[in-house]
Structures are given as structure tokens and as C-alpha cells.
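> The following block contains a protein sequence and its predicted model.
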Amino acid sequence: MSASDHLSPRGMTAAKSGTRKAYLVGGGVASMAAAVIMIRDGDLLGHNITIIEQLDKLGGSLDGSGSPDAGYVLRGGRMFESKYLCTYDLFASIPTLDHSRTVTDEILSWNETIHTSSKSRLVRNGRRQTAPKFGLSERHILTIERLVLEPESLLGRSRIADQFDPAFFETDFWFMWCTTFAFQPWHSAVEFKRYLARFSHMVDGFERLQGIMRTVFNQYDSMVRPLEAWLLERGVIFQLKSRVTDITFVNDADILVPIGIKCECAGALMEIAVGADDLILVTLGSMTEASSLGTMDAAPALKGKSAGGSWTLWEKIADGKPAFGQPHVFADHVDRSKWVSFTTTLHDPTFLTLVRDLTGNVPGEGGLITFPNSNWLASIVIPYQPHFIGQPKDVFVFWGYGLSVDKPGDFVKKAMSDCSGREIMTEILGHLHITNEAAKILASCICIPCMMPFITSQFLPREAGDRPAVIPVGTRNLAFMGQFCELPDDVVFTVEYSIRSAQMAVNALLDLHRPPPPVYKGSVDPRILYKAFFALHDIRA
């Protein structure tokens, strides 16, 4: 079915006359991007676009909150690189909060100044490892090369562990790759293959995280707030604290057409009538659904999909509709998709000074520091300070996470999932061999852990059809966006994936003839392959 099949002449007239409305379910970056593109490229009027979000603010997984006194909170942080063409295209239209330049200009300029070059990608026994060797065998390298070339249909639901021998998961390549991108051995071999191909141009220099780009502040301050300001200025309606529970359809000559949106808002049930020419764009699933915060003295609780609305909505609308995907593939395996992150607010510079002297990197320069001997497989990253707009000069923030949250710690003999912020900080200090100053640091910091049950659910083994198409077959005026729709070749767990899905959705629904740029494919560039080949063999140019 072509994009034009989803638009009647009446629908195109409605768009031009300003009567067409669009409803975007979910307030993350996909919906915000879709709203921008509808206004910028599709000539929809801002006041005819409504973003419906169950939380009390926009941004979805790109969050950032807190204060110096209560402690700052980041559930996660997103990395960027030069080939995120959809992201840079979108933000080239969005001014920074001070209107001095575009967000894209700010990001590119910032990363000309602050180049990521880790001098301590791994820390073992309190000692830094500068540019650690990958340590791959010839068999491992051949398997990597095979995966890049092998059709996804042949891999099916296989796991990474099905492709490699156990020794692979003890190599420093694996420790660096899995912690940079949050892979587990039981995750999808297809997603691992996509990452190998998509980031082939970054294999050379990966031991120093070269090519990784970041925003000036956390992504909520640097990206979400400018987007929100742009949309507000144009009259877009934000319907917050509203949980969408169902979307109703009619069958028009074997084509499903949405006619209503059921919501819970302020404790009341309501239904939004959807006109014949109106559009619905739904962000499916959520990586950060049911997140729970702990405190310095309490561990976060583990919640399930019933704690939010995104997974239950997908299950509801997909029931009996194979073209809408298989949400249970991603939502019903919390033991395989959960991990714990933590944000530490420091009221004393001692910790940052000690880490600087150990690693050789100043804040913002080094990127992720991983402790490969950690039972939790813990990592930390110290961003440029300040990391929040308005953060005082004498307050500092860093973030970290653990992939193996059910194993006991090496210094705190408890599972990370059962640890308070104080216990997590104690474990991190132990791996850094910080002893004399430990009590001082613990007395002056606020560490807030966060349990995320579905954070890597998009990596779980899946096959064709489990993720629906952006424009599901047999529908009109409907699109899916976000991390759980299918975009050939591109990689989930990135801002780029969400924005690309929004561009594809709006381009198809409005027949814009302005598709997103192709996914960068360095894996077919002989120059990239040449450099990657030598890097995988630990031969540095």
C-alpha cells in the first residue's frame, strides 16, 4: 500500500483548509518531532495538533529533573554521532532556549570544543586502562563479519549468545560494546548485527569512544525544552496527565480507520471523536514505563506494565490485529530487560577530583568508565558541568548504571536491585579504590537509584512481524512511531530511531514526498571496512 492510498482528495483538501486535526499518543521525542514536521513541512496548524501524555510533562525517556537540595535525576543519557541525519535535520529548525542559534548548531559546535576521547574506558582494580585491546580471536572476528553480511531472516529470534562461544563474552571488546549500548548475551542477534553494521565507522577508535557526541546539558534541557517552546509558540495542545486506554476503529471496505480515542484524565473517562480526515500517530511501548526511584536509604521498587498505560494500550489495540505487532514479545520478559541506573549529586568536588586524577579526563571529555570486574557490570559517566540549566557552580552531577542487577556486589554483598543510593555509591567507591575520602563523599552526596523494568525490551529476540510497520497494512490515517515499530537497517535505543519513525509517519500520512535521508551504511564503504578490520585485530593505525 502506497502513502497516497491513505489520503483521499477530501483529506488533502481538509489539510489545506486548516480543518484536519492530528492526535499524537505519547509525549516523547517521536511525537514532538512529528508535530514539528507536520507544521514545518505539512502546513498543519499548530492548534489542530494535540499531544496526549500520561505523565505531567513532555520528553518521555529524555527526562531530567530534581534540584541541588533534593538531588538531580536522570533515568538515562543518550549519545549521538555524526550520522544521525534525521536528528540534525529536525533540530536545524529549532532554536536554543536563548534563541542564539539552532539546537543542531549548538550540538555540532559544542562537540568541536569537547571531543570525546577516553583515557580510561575500563578500570580494573582501581587502575585505568587506556585504549584497551579488543582481545578478539580470529573466530570471533569471522563471526562478527558473518553477522554483518547475514540476512536478518536467517537469524530470526536467535540470541547473541547463540552466535558466539563463551570466551567472546570475556573479551574487552564485549565489555566495551555491551556497556556502551546496553547489550546482554541473551539479546537479539539481529539487533546486535544492526549495531555492528550501523556503527562500523566507529569501530576504529571505539576503545577511546571517539566519535561519540553529546549535548551541552542533559537532553531534557538541551532538546526537549527547546522543542516544547517551539511547539507552544505555534499553539500545539499538550494534554498531560491523560492515559490513553483504547483507540476505536471502523472497518471501511476492509480498511481500519480510527474514529475515537479513549482516555483517563483527572480520574474521569473521556472519548475524543476523531474525524474522517483526522490523523492518529501512536508511540508504541515504552523503555521507561513503570520506572521507580529509590533514595539514599531505600532501593527502588520493581513495577510491571500495569503501572503505566503504554504497554496495555498496545496490547489492547493489537488484539486480533497481526499487522499491529506482538507487544508480549517485548513486555513480558522483565527479567531480561531490566536494569538500574543512578544519578549522584555531589556537594563537594572531592569525587570528581579523584576520578580526574585517576582517569586523566576532565568532566565531559572521557565518556563511559566501565568496571569489567564488577559483578554488577557497573559503569559511570561524568558529564561536563553544569549538566542541568541552573545547576549551582559548587554542585556536580554524574550518572551510572549496572547491567547485572541481580548479582551481589563486590563490596556491598547485595543485588544492585536491592541497594539504596548509599550502597550503590559505596560499591562504586570500592571499584575506584577510594577509601580515605569515602566517608566524606558519602556524607555530602545524594545518590538516587532508578529501576527500569523495560529499558532494554527493544533488544529482546524478535522476528519479522513482531514490530509493526510505521504505516500498518490495512489502515488509513494511522501511524506507529518510536522504538517498537520497524525501521529497516536503523538501530533502536537511539533518539535517531524515534525521530526517523516520526519523519516516515508524517511523510506517508501527508504525502509529503520528503522521506527521511537513508540510514548511513558505512559497512559497504571499503575505507570504513579497512579501518574496522585492522581495529578488530588490535592493529592501530
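Structure's in. What do you need?

> how about the strands in the stretch 51-200 of the chain?
65-67, 71-73, 122-124, 127-129 (DSSP state E, counting those that start in this stretch).

> Pick the most deeply packed of the ones you listed.
Among these, the stretch with the highest mean neighbour count (mean count of other C-beta atoms under 10 Å) is strand 71-73, at a mean of 23. Heads up, the C-betas are built off the backbone N, CA and C, glycines and all.

> what lines up beside that strand in the sheet?
Here strand 71-73 has these sheet partners by DSSP bridges: strand 65-67 (antiparallel).

> Endpoint to endpoint, stretch 355-373 covers what distance?
Using C-alpha to C-alpha, to the nearest Å, the end-to-end distance of stretch 355-373 comes to 18 Å.

> residues of it that come out buried?
Neighbour counts using 16 or more other C-beta atoms under 10 Å place 355-356, 358-359, 361, 363-372 of stretch 355-373 among the buried residues.

> Okay, and which of the residues you listed map to helices?
The subset of the buried residues of stretch 355-373 located in helices under the criterion DSSP state H comprises 355-356, 358-359.

> State the helix or strand in which the closest residue to residue 415 other than its chain neighbours lies.
With sequence-adjacent residues excluded and distances taken as C-beta to C-beta, 6 or more residues apart in numbering, residue 415 is closest to residue 406, at 5.0 Å. Using DSSP states H and E, no element contains residue 406; it sits outside every helix and strand.

> OK, contacts around residue 406?
Remark: with contacts taken as C-beta atoms under 8 Å, 6 or more residues apart in numbering, residue 406 is in contact with 335, 415-417.

> Which of those are buried? Put it as a ChimeraX command.
With 16+ other C-beta under 10 Å as the burial test, the buried ones among the contacts of residue 406 are selected in ChimeraX as follows:
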select :415,416,417
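
> now, the most widely separated pair of the contacts of residue 406?
Taking C-beta to C-beta as the measure, the contacts of residue 406 reach their widest spread between 335 and 416, a distance of 14.0 Å.

> Run a quick neighbour tally on the residue lying closest to residue 467 once chain neighbours are set aside.
Of all residues not flanking residue 467 in the chain, residue 486 sits nearest, at 4.1 Å (C-beta to C-beta, 6+ apart). Residues near residue 486, counting by other C-beta atoms under 10 Å, number 17.

> Need the ones in helices among the buried residues of stretch 355-373 in TSV (columns: pLDDT).
TSV is the format used below for these (pLDDT from 0 to 100):
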residue	pLDDT
355	98
356	97
358	97
359	97
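
> Now tabulate these in a markdown table and tack on distance to residue 236.
What follows is those, written out as a markdown table (distance: C-beta to C-beta, whole Å):
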| residue | distance to residue 236 |
| --- | --- |
| 355 | 42 |
| 356 | 43 |
| 358 | 47 |
| 359 | 43 |
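
> Pick the one among the residues you listed closest to residue 140.
Each of these was checked against residue 140 using C-beta to C-beta; the closest is residue 359, at 27.7 Å.

> which ones are touching that closest one?
Remark: with contacts taken as C-beta under 8 Å, 6+ apart, residue 359 is in contact with 118-120, 123, 128, 366, 369.

> Residue 486 too?
Each residue near residue 486 by C-beta under 8 Å, 6+ apart is listed here: 467-470.

> What residues are bridge-paired with it?
With DSSP bridges as the criterion, residue 486 is bridged to residue 469.

> Output the below-cut-off pLDDT ranges for the stretch 401-541 of the chain.
Low-confidence segments of the stretch 401-541 of the chain (pLDDT under 70): 541.

> From the contacts of residue 359, which one has the minimum pLDDT?
Among the contacts of residue 359, residue 366 carries the weakest pLDDT, at 94.

> State the distance from it to residue 425.
In this structure, residue 366 and residue 425 are 19 Å apart, going by C-beta to C-beta, to the nearest Å.

> go on, residue 442?
Residue 442 is 6 Å from residue 425, where distance means C-beta to C-beta.

> Excluding chain neighbours, what is closest to residue 194?
Nearest residue to residue 194, sequence neighbours excluded (C-beta to C-beta, 6+ apart): residue 491, at 5.0 Å.

> which residues touch that neighbour?
With contacts taken as C-beta under 8 Å, 6+ apart, residue 491 has the following neighbours: 191, 194-195, 198-199, 497.

> from those, which two are the most distant?
The widest separation within these, taken as C-beta to C-beta, falls between 199 and 497 and amounts to 13.2 Å.

> Looking at the two, which is more packed in?
Relative neighbour count places residue 497 above the other of residue 199 and residue 497, with 25 against 21, counting by other C-beta under 10 Å.

> Test my guess that that one contacts residue 490.
Yes - Residue 497 is within contact range of residue 490, at 5.4 Å (criterion: C-beta atoms under 8 Å).
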